[in-house]
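Enquirer: can you look at this prediction? I've put the sequence above it.
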Amino acid sequence: MDTLKISIKRILCAAVVAALSILSFAGFASASDEGRAAKIVKETCENCHRFSGPPKSKFTLDAPDMMWSGVKYQRDWALRWLEGKEEALYPNGYRWDSKKKDSKHPALSSSDAKAVADYMEKNFRDPRVQKNALDLSRFTEMEAGFGADIYKKYSCIGCHQIMEDGKKVGGPISVTLYSAGKRYTADWLYRFAANPQDFTPHSGEYLADLSALGARYIVGYLMTLGIDGYKYYEPWKSEYFQKADPERGAAVYKTYCAQCHGFKGEGDGPGAAGLDPKPAVHAKMPLSEMPEDYLYNVVYHGGKSVGKSPSMPDWGLTFPPQDFADLIKYLRVTFKGQ
C-alpha cells in the first residue's frame, strides 16, 4: 500500500511539473512572438508607417498612420493583408498627388503575420474608438438603403470606389470600399465618420453633417459591402411579433395614429384638415393583406420611405419594439378593406 501511495505521488508531481513546463513554454513563446513582432514593426513597418504621434495630413506621409491599427481592422483581413493576400487599397497609390507609385507591400510568413497582428491589437489602440459603440445586430435592409443614399448624397462616391452591378464605380482617389465589410471594424468606422479630420487632418477628407442615425445608416451600409448574403435583421420575424397583441396595438393607434387617421381609421383625425395629400383611410384599405415588412417600414421609417406622403412621420425613435409589433397586429386584424 505504501509503495502504491509513493507511485501515485510521483505521478502527480510529474504531472504538475509537466503542466508548469507547458505554461512556462507558452509564456516564453508569447514573449518571443511579441518581441519578434516588435522588431518587424520597428525594422520594416516603420519605414513607411507612423505608429505614434499626433495625426498628420497625408500629404506629409508615405503611408497611412497605424497608431490605431489595433481597433481599425478586422483580424482576418489584417492577417491576409500582412501575408500579401489582399489587393492594393489605393488604386492610384496612397499619395494621389505624387507620380510615385506605392511599392509592393512586404509579405510576411503566416507565423510572423499572426505575431504582428497580435502585437498591433494589443499595443495600437485608440481610446476615442469605443467598443460596441454601434450595434448592427438589428440593422435592416431598409437602413442599408438609406446608407447607400447618404453615401451618394454626401459625394463619398467622388473619391471611393464601390461595386454596382459587378462594376467598380466612383473616383479612384482614396481607399476602395467595395470590401469594407471584411476590412474595417464598425466601431472605428463609426468614430471616423464623426470627424475624419481627427484622423487625417487637411487631407481632403470631407466632414459631413451627419446625425447619429445618419452615421448608423452609412456605417452599417459600408459594413455590408463585400459580404455575400449579408444577413439583415427582419423585425417582423422577431420575438416581439410572435407575442403581438392587437388590444395593446389599439392603444398605440389611438395615441399616435388617430390624430391624423381618425379613431376608426376614416382619415378624419383633427390633423387631417391641414394636410394635402390627406391621410390614408385605413378603414377602406386591405391592411390585412399587406406584408408585415411593408407595414413595418412605413410606420418605422415614415411615408417617404415607401414613396408615400412625407407627412406620415417616421415613428422609429418613438415606439419601443413591442409597440410596433402590437400596432401592426392591430392594423392587420382591424382593417380588411371593402
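Expert: Nice, I can see it.

Enquirer: shouldn't residue 130 be within a strand?
Expert: No - assignment of residue 130 by DSSP: H, G, I helix; E, B strand; the rest coil gives coil, placing it outside any strand.

Enquirer: was I right about it contacting residue 191?
Expert: Yes - using C-beta atoms under 8 Å, residue 130 is in contact with residue 191, at 7.2 Å. The C-beta positions use only the backbone N, C-alpha and C, and glycine is treated the same way.

Enquirer: which one of the two has more residues nearby?
Expert: Taking neighbours as other C-beta atoms under 10 Å, residue 130 and residue 191 compare with residue 191 leading, 24 against 13.

Enquirer: my guess is that one meets residue 131, correct?
Expert: No - at 10.9 Å, residue 191 and residue 131 do not qualify as touching, with contact defined as C-beta under 8 Å.

Enquirer: contacts only, for residue 84.
Expert: Contact analysis of residue 84 by C-beta atoms under 8 Å, 6 or more residues apart in numbering lists 105, 106, 107, 108.

Enquirer: can you do 10 Å?
Expert: For residue 84, the contacting residues are 104, 105, 106, 107, 108, 113, by C-beta atoms under 10 Å, 6 or more residues apart in numbering.

Enquirer: so of those, which ones are in helices?
Expert: Counting by DSSP state H, those place residue 113 in helices.

Enquirer: any chance of the contacts of residue 84 in JSON lines, with neighbour count, pLDDT and distance to residue 150 too?
Expert: Shown next, in JSON lines, are the contacts of residue 84 (neighbours: other C-beta atoms under 10 Å; pLDDT from 0 to 100; distance: C-beta to C-beta, whole Å):
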{"residue": "104", "neighbour count": "8", "pLDDT": "86", "distance to residue 150": "35"}
{"residue": "105", "neighbour count": "15", "pLDDT": "90", "distance to residue 150": "31"}
{"residue": "106", "neighbour count": "13", "pLDDT": "92", "distance to residue 150": "37"}
{"residue": "107", "neighbour count": "12", "pLDDT": "96", "distance to residue 150": "36"}
{"residue": "108", "neighbour count": "21", "pLDDT": "97", "distance to residue 150": "37"}
{"residue": "113", "neighbour count": "21", "pLDDT": "97", "distance to residue 150": "35"}
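
Enquirer: hey, where'd the helices end up in the stretch 51-200 of the chain?
Expert: For the stretch 51-200 of the chain, the helices defined by DSSP state H, counting those that start in this stretch cover 69-72, 75-82, 110-123, 141-153, 180-183, 186-194.

Enquirer: residue 235: which of the ones you listed is closest?
Expert: For the helices of the stretch 51-200 of the chain, proximity to residue 235 was assessed by C-beta to C-beta; helix 141-153 is nearest, at 9.9 Å.

Enquirer: before we move on, the earlier item: identify the contacts common to residue 191 and residue 131.
Expert: With C-beta under 10 Å, 6+ apart, residue 191 and residue 131 have common neighbours 71, 185.

Enquirer: residue 301: which of the helices of the stretch 51-200 of the chain is closest?
Expert: helix 141-153 (6.0 Å).

Enquirer: so how far is the closest one from its chain's centroid?
Expert: 13 Å (C-alpha atoms, centre = their mean, to the nearest Å).

Enquirer: what's the answer for stretch 65-83, then?
Expert: For stretch 65-83, the distance to the chain centre is 16 Å (C-alpha atoms, centre = their mean).
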